[in-house]
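In: got a predicted structure plus its sequence, pasted below:
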Amino acid sequence: MLKKTAALACATAIAFAGFASPAEAAQITKREKVAYSNVFGDLHMRLPKTVDRIEYTTTTSDGKKAQVSGYIVEPVVEWKGKGPRPTVVIGRGTVGQGDQCAPSRNWPLDGQPDPIKAKRAVNLEGIYDWVFASKGVRVVVTDYIGMGTPGIHTYMNRDDQAHAMLDAARAAGVGDGPVAFYGHSQGGGASAAAVEAAGEYAPELNVVGAYASAPPADLEAVQRNIDGSDLMGAIGFTINGLLERYPHLQPLLDKHLNEEGKQALKDLSTMCTGEITDKYGHKKTSEWTKSGKTLDELLKDMPEAREAMEDQRIGLKRPVAPVMVISGRHDKNVEYNQAKELARTWCEKGAQVEYRDDIMPPVGEYNHFIQAVTGGAFGIDFILKRFRGEPLGRTCEAPVGQLQGSVEGSAALPNVTGS
């Protein structure tokens, strides 16, 4: 017990290098009221007319202080469950790498670009806010590090995203109230990373659950899967993010990239998701290299780069709370098996995991986007039940049902009893 306590104290001290205390790592440095949009009318959802757009402090993966932006939706309806009002921290899916792509600079905050006309329809994930807020749940949305604040957005950096999620909860002043994490795609990875890191980075938080839809747990598998897809440009987001924390990789990359590849990385650092599909959709990374090899092929001879990517792997720690993981069999963006493997790995560590397959038939590039909505039918209910303290359904002990009303069970996960 003493060893465990000492290890926790050491880890916490390292995580908060440069801060006087853990609380200082989540200080709100800027707050402003902004109008909140409900384009579908009231619909009896009773949403607030304004939200707080904030900037708060967090810690990077290399222990430095950083600013993060985001916003807080304070419900106008009572929480009807037991105990204090719960808080869900939401990580958005891939919206881009430019500052203008930040969720707090876009719809559903009023005065921001219309999600359809601005070709930023991915921000329709703002609907998640509405559902939770209408149930009396406080919602905190993080922009992640470097999106809307100084520096390059460190896309898919495991610790950066986990810390941004955890410090968002702290910044909201949740006290000992229940906290959960929710996200799809990049947000699914952020949610998964946060529920893993909470025990060491934010042990005082009362984390009760997490929902991780299409989480990119294994970056090598994910980048291999999206090379040549509509979201191929996200590989550039990943490279730019890695270079921000691993600058020693720059000379190695310069050795292999041609001028087109170098220009692509520069362009992508300021682009949003809707733009990358137009310019880089369905291209291959082989077009970016001098040798004509794909980045996946080059990685085999680049141990330093593989090590940096391996640093971002999710699944090395046991989650501190129950998790629902959903992975799409026909997802052309976030590779199916690596997300399923995350659930299996957690089960082997004794975690409580409810895994579901999304078995929607292949509809091309739309499978990934559609899962953001269809998965929510299960994910939102899962989180609300954690807030209410309801018993878990079947977790790792037995296979669970699939999405889309299938009667076929998903492939069985290890018979590990959840803790």
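Out: Received it, and whenever you're ready, just let me know what you need. Residues are numbered from 1 along each chain as shown.
In: using PDB, list the CA coordinates for stretch 80-94.
Out: Output of stretch 80-94 as PDB, limited to C-alpha atoms (Å, rounded to 0.1, in the frame of the first residue of the first chain):
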ATOM      1  CA  LYS A  80     -33.300  14.400 -11.300                       C
ATOM      2  CA  GLY A  81     -30.900  11.800 -10.200                       C
ATOM      3  CA  LYS A  82     -29.400  11.300  -6.700                       C
ATOM      4  CA  GLY A  83     -26.600  13.500  -5.500                       C
ATOM      5  CA  PRO A  84     -25.000  16.600  -7.000                       C
ATOM      6  CA  ARG A  85     -25.300  17.600 -10.700                       C
ATOM      7  CA  PRO A  86     -23.000  15.400 -12.800                       C
ATOM      8  CA  THR A  87     -20.600  16.600 -15.500                       C
ATOM      9  CA  VAL A  88     -19.800  15.100 -18.800                       C
ATOM     10  CA  VAL A  89     -16.600  16.200 -20.600                       C
ATOM     11  CA  ILE A  90     -16.900  15.900 -24.300                       C
ATOM     12  CA  GLY A  91     -14.100  15.500 -26.800                       C
ATOM     13  CA  ARG A  92     -15.100  16.300 -30.300                       C
ATOM     14  CA  GLY A  93     -14.100  14.100 -33.300                       C
ATOM     15  CA  THR A  94     -11.500  15.300 -35.800                       C
END
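In: burial count for residue 79?
Out: Residue 79: 18 surrounding residues under other CB atoms under 10 Å. Every residue, glycine included, has its C-beta placed from N, CA and C.
In: oh, I was asking about residue 340
Out: For residue 340, the neighbour count with other CB under 10 Å is 21.
In: give the other helices and strands that the longest helix along the chain contacts.
Out: Counting residues, the longest helix in the chain under DSSP state H turns out to be helix 186-201. With contacts taken as 3 or more CB pairs under 8 Å, 6 or more residues apart in numbering; DSSP states H and E, helix 186-201 sits against helix 2-15, strand 87-91, helix 158-171, strand 178-184, strand 206-213, strand 323-328.
In: for residue 393, which of these is the nearest?
Out: strand 323-328 (9.6 Å; CB to CB).
In: quick one on the thing from earlier: quick one: average confidence on the longest helix of the chain?
Out: Helix 186-201 carries an average pLDDT of 98.
In: and it, how far from the chain's centre?
Out: Here helix 186-201 shows a centroid-to-chain-centroid distance of 8 Å under the convention CA atoms, centre = their mean, to the nearest Å.
In: same check on stretch 65-72?
Out: Centroid displacement of stretch 65-72 relative to its chain, using CA atoms, centre = their mean, is 15 Å.
In: what is the mean pLDDT for it?
Out: 97.
In: kindly report the same for stretch 264-278.
Out: For stretch 264-278, mean pLDDT rounds to 94.
In: which other residues reach that stretch?
Out: Residues from elsewhere that reach stretch 264-278, judged by CB atoms under 8 Å, 6 or more residues apart in numbering: 94-101, 118-122, 152, 230-234, 236-237, 239-240, 257, 279-280, 288.
In: so the protein: which segments form each domain?
Out: 2-218+313-388, 219-310 (automatic domain parsing).
In: could I get the contacting residues of the spatially most central residue of the chain?
Out: In the chain, the centroid-proximal residue (CA atoms, centre = their mean) is residue 187; its distance is 2.1 Å. By CB under 8 Å, 6+ apart, the contact list for residue 187 reads 90, 91, 92, 93, 125, 213.
In: distance of it from residue 216?
Out: Taking CB to CB, to the nearest Å as the measure, residue 187 falls 10 Å from residue 216.
In: turn the contacts of residue 187 into JSON lines, including distance to residue 268.
Out: Below are those laid out as JSON lines (distance: CB to CB, whole Å):
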{"residue": "90", "distance to residue 268": "24"}
{"residue": "91", "distance to residue 268": "20"}
{"residue": "92", "distance to residue 268": "18"}
{"residue": "93", "distance to residue 268": "17"}
{"residue": "125", "distance to residue 268": "21"}
{"residue": "213", "distance to residue 268": "24"}
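In: from these, which has minimum pLDDT?
Out: Lowest pLDDT among these: residue 125, with 82.
In: next, the nearest residue to it once chain neighbours are set aside: phi, psi?
Out: Residue nearest to residue 125 in three dimensions, not counting chain neighbours: residue 92, with 5.5 Å by CB to CB, 6 or more residues apart in numbering. Backbone geometry at residue 92, expressed as degrees, to the nearest 10, gives phi -70, psi 160.
In: okay, the residue nearest to residue 231 when sequence neighbours are not counted: pLDDT?
Out: Nearest residue to residue 231, sequence neighbours excluded (CB to CB, 6+ apart): residue 333, at 5.0 Å. We note a pLDDT of 90 for residue 333 in this prediction.
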